[in-house]
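> Here you go, sequence then predicted model.
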Amino acid sequence: MHIDPFTIKHNGVLLNYRDALSLSLKPLETFFTSHGYLVKSIRQESRHVIALLDQGGKEYISKICSTDGIRVVTEQEYAWNDAYNLVNTDMRFVVPKNKECGTTSDGYFYIITDFFEGVPIAQFLYKLHSWFEGIPENIRKPHNIALLQDIAKSGARILKEKPRHGDFTPWHIFALPNGSLGLIDGEHASQHGVEHYDVCYLIQRVFSVLQDADTAKKLFSMALDRGCQREKMRVVLAARAIGGYLDSSLANESYAAADRMRDWVLSL
């Protein structure tokens with residue numbers, strides 16, 4: 001059975017959180033203006049309408065959702081921001097503080113959070129999820145993706161439940177002027193993730209998307225030095241390596257980077 005990798009189950013219903021509707025920007029600008037914000041910019045992006053706002057000399061970012069699926073993951077991001085800032089008061093990573101959320105005059109859910117103005121560690125954005133079933137069968141077999149699935153499925157039992165950010169990539173991390181690291185886009189945050197997921201997600205994205213295997217392997221070694229367990233990381237990396245194949249299949253790209261990631265994971 002084919003499972004759409006860009007769906008989330010909410011109240012028993014599967015919702016697509018990737019495909020957005022194109023919204024008229026002028027009514028949204030008018031809405032925020034009427035609520036005391038100066039709209040410095042507003043644009044339609046792949047998932048959200050993004051508005052840069054100013055109120056009292058402080059800048060904020062707003063994400064406006066055009067579908068129920070996008071609303072659900074954005075509500076998760078808002079909850080992640082609150083939870084992280086409540087618990088982590090002295091961490092190096094700074095997560096945006098929420099200002100408000102609600103619905104526009106036309107009924108679209110929005111959030112407003114701190115705006116991070118810094119230098120992105122990477123300058124491009126890929127947001128794709130990993131599901132083995134999302135990869136065409138004619139890709140799975142010749143690339144031996146089942147070997148990765150076996151590692152992930154058989155090893156899942158050793159993983160403990162842990163919170164996760166869920167999209168922990170270099171392009172969501174900002175070097176802020178005060179020396180802190182800003183971490184944005186917690187749309188896939190969950191209290192019910194598995195341990196080591198975020199660091200393994202980062203390693204896979206650096207390995208396969210940035211195609212920097214050396215840095216990815218250094219990150220792996222650093223994680224081990226900091227107490228991450230090799231066997232558990234191998235399980236999560238196997239799952240993330242499957243995601244690399246899905247990314248390539250959706251983008252019609254070469255599978256060379258995904259193959260290199262697979263071979264490395266199998267060698268661990």
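Yes, it's here. Residues are numbered from 1 along each chain as shown.

> Where does pLDDT dip in the stretch 51-200 of the chain?
Residues of the stretch 51-200 of the chain that meet the criterion pLDDT under 70 lie in 89-91, 118-133.

> can you give me the strands in it?
Ranges of strands in the stretch 51-200 of the chain, per DSSP state E, counting those that start in this stretch, are 58-64, 93-94, 98-103, 109-114, 119-120, 161-164, 173-175, 181-183, 190-194.

> Distance check, Val236 against Lys97.
29 Å (C-beta to C-beta, to the nearest Å). Heads up, the C-betas are built off the backbone N, CA and C, glycines and all.

> who's more crowded, those two?
Val236 (27 against 12; other C-beta atoms under 10 Å).

> That one contacts Val194, doesn't it?
Yes: contact criterion C-beta atoms under 8 Å: Val236 and Val194 qualify, at 6.6 Å.

> Now list whatever residues contact both of these two.
Leu159 (C-beta atoms under 8 Å, 6 or more residues apart in numbering).

> The residue lying closest to Ala189 once chain neighbours are set aside: what's it in contact with?
Leaving aside its chain neighbours, Ala189 sits nearest to Trp80 (3.3 Å; criterion: C-beta to C-beta, 6 or more residues apart in numbering). Shown in contact with Trp80 (C-beta under 8 Å, 6+ apart): Val95, His165, Gly186, Ala189.

> Let me know how buried the second one is, in neighbour terms.
In this case it means His165. 25.

> before we move on, what about the one 5 residues further on?
Other residues within reach of Pro170, judged by other C-beta under 10 Å, total 18.

> Could you measure from it over to Gly186?
Look at Pro170 and Gly186: by C-beta to C-beta, they are 16 Å apart.

> Verify the stated contact: Leu210 with Trp171.
No: checked against C-beta under 8 Å, the pair Leu210 and Trp171 is beyond contact range at 9.3 Å.
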